[in-house]
Every structure is written in C-alpha cells, then in structure tokens.
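> Below are the sequence and a predicted model; questions follow.
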Amino acid sequence: MNERILTTLRALRQSALEKGADATFLIHEENSYLMRFANSAISLNTNEHLVRLEITAYDGKKRASYGMITDLNQLNAMREGLDTAIAMVAHAMPLDYQPTVPVYTETFIDESGYDLALAQLSNAEKLAYFNAAVAHLETDDIRLSGIFSCGANIMAMIGTRSEHLQYFASTDAQVSIVLAHATLKWEVTAEQSAWRKEDLNPAALHRDLALLLDHYHHDTPQQIPLGAYDVVFGPAAIAEMVSFMGWIGFNGGLMKRGFSFLSEEQIGQKIFSDQITLQDDPGRLETYPFKRDFLGLPRRSFSLFEKGIFQAFTWYQDDADEFGAPASGHTVPHTSLSLAGGRQEVATLAELLALPREKDLLYIPFLHYMNIVNPSKALVTGTSRFGALLLKADGSVVVPYNVRLTQSLLEIFGEKVAWASRQTLPYNTSQSYGARNPTAVVVPAFLLVRDLEISHSNSSY
Amino acid sequence: MLQQIQQQIKRLKARGATYVDTRWYPYEKTDALTMWNGNLKNAASASESGAGIRVLYKGAWGFSAASDLADLAGLYDQAFDNAAAAAERVSFPVRLAEKDALQAQFASPCQVNPFDVPLAEKVAFLKEMDARLNQEGVFQRISDATFVRKQIIFVDSEGSEIEKTITEVFFTLQVAGLDEQGEMHERKFRLGRRGESRGWESIDREYLSEQAERIVREMNQVRTAPQCPKEERSVILLPGIMYLQTHETIGHALELDRILGYELAYAGGSFVTLEDFGRLRYGSPRLTARADATLPNSPGSFGYDDDGVPAQDNLLIDKGLLVGAITGRQMVEEANSKARRAIFKGSGGANRATAFYRVPIERMTNINIDAGQDGSLDDIIRNTEKGLMVDGDRSWSIGSNREQFHFGTEIGWLVDEGRVTGVVKNSTYKGDTLKFWNSLSAVGDSSTWEVRFIENCGKGQPNQIMQLGHGVPVCRFDHVTIGE
Ligand SMILES: [Zn+2]
C-alpha cells in the first residue's frame, strides 16, 4: 500500500476542513509501461509515472472541480488547487437537483487485483513473451506489430464528510499481436488480457497465430458476395458490442436523455435471446473490478439481462440525483461486464474450425471502428478485421476480404443467436486515452448468430 | 531548469545516444464547462506540468515521462534504458531527416487570454446559449466550452530550443429531439475558424446565437421528416460533414507512419503504398488537397512540430494525383529508403504529441481541400439532377486501411432537378474511398470554403488525442449509395 497517498489525502482533507470547505479528493497514481512493435521491431518503448489529483468542491447545489497532474511532493500546490476549487464553486451555478456528496462510512482497501510480479515485469520479460508468441512465424513479408501494455494503478479517495478512505490498487496487462503481410496487406491477430503475471501465456497466442497464418499464407483472399451469413463472432467483436450496450443500452442517464434503445417500460421484458445473460460482476478479478463505487456503495453482482429479459438500468450517481433514480453502485470508472457462456463446447479457433457445420459460417473475430448509426434502434456499423474466415459447409476454409456489417444489436443478440461457447475469457477493452483505466469484458469465446446481412464487401485489403 | 535539461541531454549523448530531446511543459491549463438542460454539469479546471524525454540509441526509441521532475537524471536514464531495451529488436534503424537547429518562438493568435475571463462570465455565457437552445421540440440541449493554454519548451541534442505558447477555444452547441416514433435526432454546431485569432474574442455571441437558432430549426425539421431513401444519388457534402470525409479518407490515409505499417496494431494501415506517390489517381482532377500548417489561426497550425521542424504548406493531392503525405523526420527517411527514391524532400513538420507524457507521432495539421470553380452552393444545387445534400456528423466508421467508409449525418436534404425538395431523417451514405473521390463532380468556390476544427482525433498507443483543422469547400460526388 502506498502510505504516502493516504497521508496526502488526509492532509488535504484537514486543509479543507480548516477552510470550512465541503470537498472530495481523488488521487490516481499510474505506472504505465508500453512496448510497441511495428515492422518486426520495437517501435517504441515507453513508461510514464503520473500522479493525478482531482478535487471536487460542493456548496449546496453547486459543484466544481479542479484536476492536476502533480506529484506527491507538491502538497502546497495541491492546497492551492483546493483554493481554486473553492473559488470556482463560489461562481458555479446551482444545479436544479441536489448532488450527493460521498460519505465513506468505513475505510475500504482493496489490493486483491494487484500482482507484484506483474507490476515488476521487466523489459526483457516482455520481449521474451513476444518472441515466444511469434517464434518462427515472422518472415521477410510477414511482419510483427503489437503492444505489450502493462501497469499498476492506484485510485484512492477521501472526503470532508468522514475520515474514512477508499483505496484500490490493481495491475493489468494487455497484449495484442498482429502479423501482417507487408505487400498483400492481410493481417491476423491474437490477444491476451491478464491481471497477474501467471496468467500470461504466449503459447496460446502462438497457437492461434500459427493456425490463422496457415490459412492466410496459403489461400487466395476472396471478395465474398453480399447477402445473409451465419456469423460467428470472436471475443473481440463480442466484447465490443457488449460494451456498446453499456453506452446506448442499460445506462440509466443516457436512457433518460433519449440516447438508448431501451426504456423503463422494458424492464422485465424479453429483449434478447434467452441465451443472453449479462451481469456486472465485480467478483471477476479479470475485469479489474471496483468492489465499492466512488460513493462508497458496495458493488455486488448486478443482473442486466437474465435469459434475454432486461433486468435493470445502471445509474451513475449524478444521473441518479438528477432523475430521482435509486443509486445502483455504478459510479465507477468502469464496470465489470460478464456475458455468460452458453452450451457449445468450443474454446479455441482450432475447435471452431473442426466443428461440424451444415452451412457456411463467416467468422468475424474483430469489428474495426464500430460506431452508432442510430442509438434508438441500436443500429451499429463496423468492418471485420484481423483474420476473418469463411468456413465453408464442405469443410474447406476461404479467406475473405473485409466486410461491413450494419446491424442492430437487437438483431445480433436477439432470436438469431444460435449458440454461445460454454467457455468464457476476459477480453481487454482498455482505451489508453488519458488516465490509465484498465477494462476487460468477460465473454464467451464464440457466438454464432444466424442470418446476418453483410452490406459491403471489400475487393481488396 | 533549462540548464539542467541541457546538461542531461549532453550526459546521455556522452552515454552513446545518437539523439535526445525534451519537451518540458511548464504548464498546461484547461477549463471545461458543460451546461446540459440548464444544469452546469461540469465546471472543471485542470493543470499539468512535466517533461517527456525521447532518446534514440542504436536505432531504437526510448521514451520516459513524469510529472515529478525531482529526479531528472533518473528520468533521463529511464528513457535511455527503454531505448537500450528496444535496441534488442530493430529491423530498420531509425534515422532522422536533416533539419536546421533553431532558436525560435511561436504563439498562437490570441487577443484575450480565456484564463483571464472570470468563471462567472463564462457561466453566464453558457446560460445565455442554453436559453437560446431551450425551444419547442428540443428534448436535450448542451452547450460545451473548452479553453486550453499551454507552454511547451522543446530542446534537442542538435541545438534547437523552441518555445511555444498555444491557446485554444473549442465551443459546441448540441440539441436533440424525439420524433413521433420516439427515435432521437440530433444537430450540433462546432465553432470553427472565425477571424484571425482564437482567444476569448472568438466567442461571438451574435454569431453563436444565430447558429443556435439554426440547429434548433434544422433538428425540428428532421424530427418530422420522412426516412432517407435507400438508393443511389449524388451527395452534396456541406463543410459540416466534408471536413470529416476529408479527415477520415484523405488525412488518416496519408499519414506516412500508417502507410509504413506503424499503426497496424491499432488504428490500422492505409490502402496507399509508397509506389503510389506521383502515380495514383486519388480523385478527380477537381481535387487538390494540402497539409497546411501555416494557415493562420487553427489548432492545426502550431509554428514548429515536436521534432522542432517549422510548419509547412505541403501539397498532398494535386489535381487528383497523389503527390504527398503527412510526415515527420523519422518516417520520410524510412520511406525514401524503402522506396529507393526521394519521394519526400525532408520532414513535412507534422510530428506532434498530445501531452508531455506522450511521444510525437505523425498527425494531421490542417488538411484542406482547395476551393474550386463550380460556383456557390446554389450553383451546385442548381446543377444537380438527383442528389442528397448532407451536413453534420452523426456516425462515422472507416475500414482499417481507409479503403471504404460509412457516414451517418444529422440532416439530409433531397435535391431533385436542381432544387431542394425536402428534408429527410437518418441520412447516411457509404462508399469505397478511391471510387468516391474519383466521382468528385463539383467543388464549390471560396464562398463555400470554411475551416472546421477537430478537438479530439485519436491515434497511437498509448492513445493520443490531437487538435487540428480542415479547410473545405462544398463538394459533390456522384453515384453514391445512400440510406443504408
Ligand atoms: Zn482522426
């Protein structure tokens, strides 16, 4: 535990009390490391050590915040930041609702997702992982790209209304490896997400990459005809679509603002296939969970869809305050989404290829640049990338050029779902914008959806 | 501090580094205010300072950054060690294109420092805008302002020392409303270039009030409009979507690091190859595009890039022919070497980092389309037989090599036999990049040309957001699939 963070928070709280201010303080310390590969070389090797302080001042219905990137030696500058926040709140405009100010009723320290071995992973170990994952797979034409991103994250908070603190420490790793042909431009990928060093497994990535390369290296890519396909989505595509549901689906605040395909009347109604059970499950360490939210509420497994039936919206506290909704423990930087596994025994790409099939299956591992065309209809669009395969009914495999899918999530997760893998895995969805916020979604390894329309089919890469 | 930086750079050079630079940010300040349905949801100020160190050793980059500069030597050593580790796997040793050592200063044009304007005045302004938006049919209304001021001091081992002070103002108005079926429709206005400077003075209340009225009016038209048909038509892109079409299918496609495969792990590649320069017909002869970092008063103009190279105005596409790319020092050397010809005559001055704690990469400057000879917007409409005129970005999705795209727009107007015949909702269009630009059949004159700003273009790992601009005219493209 970083005692200096706790003493700094206590000192800041004391300053606020002396000034008669109502304030909360959040310190975020990140140690981020990223080894990036391109053209079979390490194109960048970087690390950043950053300490952020976020001060929120309250005055009745008024609220203002001041953030700084600083360091723990700068207590005076932090106190000046507090003065700024206090001055700002005086000039802020009252909200038309009462914002809830956090009151931590007990000190809560959670380091269960922190793995010292991962925090101390060396440059040499990261390079060795990559070398093992792509051993004998690179050629003059087939070049390695990818990242080994890992880090340690601490978020700790205190408020003037109680002496208790919350402290969360976690470690995380996100590995993605891309092998791309220098002139033909096809690309295949394998990825891994881990919260502890012992989960790192380069052999699994090597296995998938070798299998994909076998097809991409020997088969001639084809422009596949437009029309309806039975589509098998891989973990990246599933996780991306599930994450979008957290945005235009069950987020209560966005629903109230009209930016959702779900409505309050739909609670208790069947929205998706009965094979779709989705939870926010902070018990899954693979999701870098927060077991308390930033208001101090304990976070437990929270049901979103149970066998396709919509259970509840999640509420960020500020939205709950504005719309008079009950707090749901979702005032966190990220939730811990977990889509339940299904009945199909298929955990690996090799097993998927070996699965008996009556019809052609289009395997889409990854959806690139997904965006929302119409939130009210859950209509999204994106393009396949990284090793799509057309698994022909006759047992052969065709390499397709990328295709575009413009479809509603209501269709994709609706009655067209044929099966989901029994086996699940965490897929790392971390965005490395701004402050480190490791995120992962637990998803079935594969999801088969029947009869989805392909609206655009590329004639090259 | 400057002296200590110079000392550390010298020390690493003595340790064997071939190149070292430092970007020291004495300060970067941000004020962000959001008013949503009359509530001041966000009143946030932020400040940061720190330094980022880039070291080239045995052909490989190492980078290290920290806000805590107490142990400066340790920070430089960490960057050096990172480079030494990266040198274990080098395929094309990094070389940097020649440049002059410069002692220089740059300040973006600003008359009134937005940080001298009291918070109360900024809040009052947002309240005024919010009131303008609060009209019949409007379900959600947002006024959002971001002010940035930063000082960057760049020092490198080649003798450059450059000081920059950049001030930015970004302002957005947005409304959303529901149609009879309960579907949401939105309309936005983003402040682009107005006049010659972009301090607080760019907040022109009268102009912004007019824009507020316009987006409310247009959003209400969309709410009651019929669905966009699914068919083939010409599309007329107004600057409010033309800027993004240019951004996504010219700008990103012509970043040289993408072309060379440096973004394959994330953002993607490009359909463009090194052989294409000087040969590929990217668009119709009406298309001339440039990367112009000398355009006054735009976030895409910054004086000197983060390699210390002066801002330039470079042609990218000359009357339809691909001639240039968005480049920095490292990539032009590698591209010329791999192509075995001198495609690029030195760095294009477009290597930029979003913060002290990120490494510079090739970023768009102002990626502009030259105004054309096809008259005003009215002229273009008059000469269009069967078209869809669109404005406002609602969704955008582009293939990983930028080879195809799908855009959803906020508003569409059907154009039949030279006349606007009505508004449609859920207007979308899609296409293949090269086919699309080669179908460019009309380019508006300077009366249609506007500079739009982008506040948050994402690229790279770790991810960086960047601010830039696009000067674009109204353009028409033929035989485009719409409504999907
Ligand atoms: Zn962009």
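Nice, I can see it.
> can you pull out the strands in the stretch 101-250 of chain B?
B:103-107, B:140-156, B:161-178, B:184-190, B:231-237 (DSSP state E, counting those that start in this stretch).
> and those strands as JSON lines, adding mean pLDDT?
Listed next are the strands of the stretch 101-250 of chain B as JSON lines, based on pLDDT from 0 to 100:
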{"stretch": "strand B:103-107", "mean pLDDT": "98"}
{"stretch": "strand B:140-156", "mean pLDDT": "98"}
{"stretch": "strand B:161-178", "mean pLDDT": "97"}
{"stretch": "strand B:184-190", "mean pLDDT": "97"}
{"stretch": "strand B:231-237", "mean pLDDT": "98"}
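> Would you enumerate the residues in contact with residue 238?
The chain I'm using is chain A. A:Leu339, A:Tyr427, A:Val441, A:Val443, A:Pro444, A:Leu447 (C-beta atoms under 8 Å, 6 or more residues apart in numbering or on different chains). C-beta: built from backbone N, CA, C; applies to glycine.
> actually it's chain B I care about, not the one you picked
With C-beta under 8 Å, 6+ apart, B:Leu238 has these contacts: B:Leu377, B:Met389, B:Val390, B:Asp391, B:Val474.
> do the same with B:Val138
B:Val138 touches B:Val175, B:Ala176, B:Gly177, B:Val216, B:Met219, counting by C-beta under 8 Å, 6+ apart.
> switch the cut-off to 6 Å
Residues in contact with B:Val138 (C-beta atoms under 6 Å, 6 or more residues apart in numbering or on different chains) are B:Val175, B:Gly177, B:Val216.
> quick one: which of the contacts of A:Ile238 sit in strands?
Assigned to strands by DSSP state E, the following of those qualify: A:Leu339, A:Tyr427, A:Val441, A:Val443, A:Pro444, A:Leu447.
> just these now: which is nearest A:Ala117?
Among these, A:Tyr427 lies closest to A:Ala117 (C-beta to C-beta), at 22.4 Å.
> Provide the count of other residues in contact range of the nearest residue to B:Leu56 once chain neighbours are set aside.
Using C-beta to C-beta, 6 or more residues apart in numbering or on different chains and skipping the chain neighbours, the partner closest in space to B:Leu56 is B:Tyr19 (4.0 Å). For B:Tyr19, the count of nearby residues is 20 (other C-beta atoms under 10 Å in any protein chain shown).
> Just want the phi and psi numbers for B:Tyr19.
Backbone torsions for B:Tyr19, taken as degrees, to the nearest 10, come to phi -160, psi 140.
> Tell me if I'm right that it and B:Val55 touch.
No: assessed by C-beta atoms under 6 Å, B:Tyr19 is found out of contact with B:Val55, at 7.4 Å.
> Could you check the pLDDT of A:Gly268?
A:Gly268 carries a pLDDT value of 98.
> Where does pLDDT dip in chain A?
Nowhere does chain A drop to pLDDT under 70.
> my guess is B:Glu161 contacts B:Val155, does it?
Yes: proximity of B:Glu161 to B:Val155 meets the contact threshold set by C-beta under 6 Å, at 5.3 Å.
> Spell out which parts of the stretch 301-450 of chain B neighbour chain A.
Applying C-beta under 6 Å from any C-beta of the partner chain, we find that the stretch 301-450 of chain B lies next to chain A at B:Tyr357, B:Val359, B:Ser395, B:Trp396, B:Ser397, B:Ile398, B:Gly399, B:Ser400, B:Asn401, B:His406, B:Gly408.
> ok, how many other residues are close to the second one?
Here the number of neighbours of B:Val359 (other C-beta under 10 Å) works out to 26.
> For the nearest residue in space to B:Ser197 that is not next to it in sequence, give its distance to B:Glu168.
In this structure, B:Ser197 finds its nearest non-sequential neighbour in B:Pro109, 3.7 Å apart by C-beta to C-beta, 6+ apart. The gap separating B:Pro109 from B:Glu168 is 11 Å, by C-beta to C-beta, to the nearest Å.
> do A:Asp96 as well
Counting by C-beta to C-beta, the gap from A:Asp96 to B:Glu168 is 31 Å.
> more neighbours, the two?
A direct count of neighbours by other C-beta under 10 Å for A:Asp96 and B:Glu168 places B:Glu168 higher, at 21 against 10.
> Surely that one and B:Val148 touch.
Yes: using C-beta under 6 Å, B:Glu168 is in contact with B:Val148, at 4.2 Å.
> Just give the closest residue to A:Tyr369, not the sequence neighbours.
That would be B:Ser397: by C-beta to C-beta, 6+ apart, it lies 4.8 Å from A:Tyr369.
> Equivalent analysis for A:Tyr66, please.
Spatial nearest neighbour of A:Tyr66, excluding adjacent residues (C-beta to C-beta, 6+ apart): A:Ala85 at 4.0 Å.
> Check which helix or strand that neighbour maps to.
According to DSSP states H and E, A:Ala85 maps onto helix A:75-91.
> Show me what that helix is packed against.
strand A:41-59, strand A:62-70, helix B:119-133 (3 or more C-beta pairs under 6 Å, 6 or more residues apart in numbering or on different chains; DSSP states H and E).
> follow-up on the earlier one: adding neighbour count and distance to chain B, write the contacts of A:Ile238 out as JSON lines.
Compiled in JSON lines, the contacts of A:Ile238 are given as follows (neighbours: other C-beta atoms under 10 Å in any protein chain shown; distance: C-beta to the nearest C-beta, whole Å):
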{"residue": "A:Leu339", "neighbour count": "26", "distance to chain B": "23"}
{"residue": "A:Tyr427", "neighbour count": "26", "distance to chain B": "15"}
{"residue": "A:Val441", "neighbour count": "30", "distance to chain B": "18"}
{"residue": "A:Val443", "neighbour count": "31", "distance to chain B": "20"}
{"residue": "A:Pro444", "neighbour count": "25", "distance to chain B": "25"}
{"residue": "A:Leu447", "neighbour count": "28", "distance to chain B": "21"}
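> Which of these sits closest to B:Val94?
For the contacts of A:Ile238, the residue nearest B:Val94 by C-beta to C-beta is A:Tyr427; the value is 33.0 Å.
> What is the neighbour count of the spatially closest residue to that closest one that is not a sequence neighbour?
Nearest non-adjacent residue to A:Tyr427, counting by C-beta to C-beta, 6+ apart: A:Ala239, 3.8 Å away. Other residues within reach of A:Ala239, judged by other C-beta under 10 Å, total 26.
> closest to B:Asn314 out of the strands of the stretch 101-250 of chain B?
Going by C-beta to C-beta, the one of the strands of the stretch 101-250 of chain B nearest B:Asn314 is strand B:103-107, 18.3 Å.
> domain parsing for chain A?
A:3-218, A:221-457 (automatic domain parsing).
> Repeat that for chain B.
Here the domain parsing of chain B from automatic domain parsing is B:2-223, B:231-482.
> just how off-centre is the longest one within its chain?
Average the C-alpha atoms of domain B:231-482, do the same for its chain, and the two points are 10 Å apart (C-alpha atoms, centre = their mean, to the nearest Å).
> Ends of that domain, what's the gap?
Its first and final residues considered, domain B:231-482 spans 6 Å by C-alpha to C-alpha, to the nearest Å.
> Over to stretch B:270-287?
Here the two ends of stretch B:270-287 are set 19 Å apart, with distance taken as C-alpha to C-alpha.
> what comes up buried for that stretch?
B:270-274, B:276-277, B:280-284, B:286-287 (16 or more other C-beta atoms under 10 Å in any protein chain shown).
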